[in-house]
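K.L.:
Test case, fold it:
(chains A, B, C and D)
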2 protein chains.
Amino acid sequence: MERAVNRFTRSPIGGNTGERVYAILREAIVTAELEPGRQLSENELAELLGVSRTPLRGALARLREDRLVVIVPQLGTFVTMISRSAVEDAAFVREALECAAIRMATERITEAGLEELQVNLAAQERAEAEHDADSFDLLDEDLHRAICQQSGHEIAWALSRRANGHLDRVRRLSLPDNTYLSQMVTEHRSMVAAIAEGKPDQAEEELRRHLRTVLSSLDQIRSRHPEYFETE
Amino acid sequence: MERAVNRFTRSPIGGNTGERVYAILREAIVTAELEPGRQLSENELAELLGVSRTPLRGALARLREDRLVVIVPQLGTFVTMISRSAVEDAAFVREALECAAIRMATERITEAGLEELQVNLAAQERAEAEHDADSFDLLDEDLHRAICQQSGHEIAWALSRRANGHLDRVRRLSLPDNTYLSQMVTEHRSMVAAIAEGKPDQAEEELRRHLRTVLSSLDQIRSRHPEYFETE
DNA sequence: CCATGTGCACTAGTATACAAGTAACGTCGG
DNA sequence: CCGACGTTACTTGTATACTAGTGCACATGG
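P.N.:
Next up, the predicted model:
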């Protein structure tokens, strides 16, 4: 324990089994392939994924921190029900972090950074024209990540994404709406424009409205899948 | 895996071994008892704490998410050096979350909630008069927690606290300054006053200034303990 | 004396075995 | 027929054993 090494040149983490399992399970929960309320058996999942319980449990522990599962000792692990408060908490966290980030990004963005945002925006417009929702999702994520990166605090994106599980689940449960894509692209365009013009207040306001559009579909989802929601 | 249970009445977590180990290690790192750069041996720590490697590794994994340790596969686990960017990231996250929370708290706080804040404040004044720094630390934490709670999003406090490791480490490394306590109490008083008067902008501004006082001691710490800092 | 190669002691990651506890189901008695 | 009780089959939590890989030190050859 005495050897104090300063060389942290190795990649911090890579394709750990636990990391991979976490990503798989999170995706399954967010898409409701593993539906809310479902009990998860560690043994069964381990066998299914071809790993042992040890890395699997690590993944479940992280999912618990994301509030996507509840682990009850000596009883079981369950996919959490969708609850209004959890969704609103996620929205609150994301709004707080990203609004602070877009403010700071507006003040310190570089030419190259702005260029990156606009390239992304152009790609989004192509994805919209081709009705390519999958490409759009990736571009959407990357735009928000890039904005946080330009703020100098990319950690905001990491935390926002992490806390975003409940919102993602609601979003993925929404039927792909034709008007949805064009509305999102329009809002993104307004955001980037505000950044380019150096108006932090306006950028923040655009982002805030943008993030709240997702929340607005909550009641719709609830009426379609009442069995996924917590009884209040 | 088929049994879908809705009764999540059990307490979510309790005194797990991993939880306990996490708290112990975090405290040791924050107080620099385990100094930056120090290599942590899983075997040694497990023996020292009287637990097996399994829960210990869970605790280390959480500390990695807090950026308090770096785990390099097949090489070792190390306490992270203090870096300006990590400290600034922590400050950014805390500022974003708590400022959003105090805003919302100001708008929706109840009489009882305000009463709670003022009781805390009075206790802080007593702790200041008695120069009881330990009591003050607890009251300080509780005040910030209570404000987040009154916002309706206590999760803001959980995340803020979690991201706050680097800031805590800097703060704990500071010598107990006589003027420090009275300044903090004064700032807290201003914050609560702004909440009571229903002025969200002012409350946010007071909190922002309050949080940045901690950051201001960074250079001082750095000159006193250069060996704890990352070479840039 | 220096350079090079090999072994060793250590690391984290993973798999497996064991312990403690819960709830549900079946059985036995009234 | 109904209720209480005990067994059983599951759960998560923890400890231990094993695997793969790293860097350092020491021995050996030039």
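K.L.:
all contacts plus neighbour counts: C-alpha atoms, from now on.
P.N.:
Fine.
K.L.:
what's the longest helix in chain A?
P.N.:
For chain A, the helix with the greatest residue count under DSSP state H is helix A:84-108.
K.L.:
Mind checking what helix or strand follows that one in sequence?
P.N.:
Using DSSP states H and E, the helix or strand that follows helix A:84-108 in sequence is helix A:111-129.
K.L.:
Rounded mean pLDDT for that following helix, please.
P.N.:
Mean pLDDT, helix A:111-129: 96.
K.L.:
ok, now stretch A:185-198?
P.N.:
Rounded mean pLDDT across stretch A:185-198 is 96.
K.L.:
so the spatially most central residue of chain A is in which element?
P.N.:
Computing the C-alpha centroid of chain A and ranking residues by CA atoms, centre = their mean puts residue A:161 first, at 3.6 Å. Assessed by DSSP H and E, residue A:161 sits inside helix A:155-163.
K.L.:
So which residues of chain A form strands?
P.N.:
In chain A, the strands defined using DSSP state E lie at A:39-40, A:69-72, A:76-79.
K.L.:
The longest helix of chain A to helix B:84-108, inter-axis angle?
P.N.:
For helix A:84-108 against helix B:84-108, the angle by axes from the mean of the first three to the mean of the last three CA atoms, to 10 degrees is 120 degrees.
K.L.:
Could you confirm whether any residue of stretch A:135-155 contacts chain B?
P.N.:
Yes - using CA under 8 Å from any CA of the partner chain, stretch A:135-155 reaches chain B at A:153, A:155.
K.L.:
residues in contact with that stretch?
P.N.:
Applying CA atoms under 8 Å, 6 or more residues apart in numbering or on different chains, the contact partners of stretch A:135-155 are A:98, A:101-106, A:108-110, A:113, A:116-117, A:120-121, A:123-124, A:127-128, A:156-157, A:181, B:89, B:92.
K.L.:
Weed out the non-buried ones from those.
P.N.:
A:98, A:101-106, A:109, A:113, A:117, A:120-121, A:124, A:127-128, A:156-157, A:181, B:89, B:92 (16 or more other CA atoms under 10 Å in any protein chain shown).
K.L.:
from these, which are also near DNA strand D?
P.N.:
Applying CA under 7 Å from any atom of the strand, the subset of the buried ones among the contacts of stretch A:135-155 adjacent to DNA strand D is empty.
K.L.:
Where does pLDDT dip in chain A?
P.N.:
Where chain A drops to pLDDT under 70, the residues are A:1-15, A:176, A:232.
K.L.:
Identify the residues contacting the closest residue to residue A:200 other than its chain neighbours.
P.N.:
Excluding the flanking residues, the one nearest residue A:200 by CA to CA, 6 or more residues apart in numbering or on different chains is residue A:103, at 4.9 Å. Residue A:103 makes contacts with A:151, A:200, A:201, A:203, A:204, as judged by CA under 8 Å, 6+ apart.
K.L.:
10 Å instead?
P.N.:
For residue A:103, the contact set (CA atoms under 10 Å, 6 or more residues apart in numbering or on different chains) comprises A:147, A:148, A:151, A:195, A:198, A:199, A:200, A:201, A:202, A:203, A:204, A:205.
K.L.:
Narrow those to those that are buried.
P.N.:
A:147, A:148, A:151, A:195, A:198, A:200, A:202, A:203, A:204, A:205.
K.L.:
residues from chain A in reach of DNA strand D?
P.N.:
Residues of chain A lying near DNA strand D (CA under 7 Å from any atom of the strand): A:40-44, A:54, A:57, A:71-77.
K.L.:
Of these, select the buried ones using a PyMOL command.
P.N.:
The PyMOL command for the buried members of the residues of chain A next to DNA strand D (criterion: 16+ other CA under 10 Å) is given here:
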select buried, chain A and resi 40+42+57+71+77
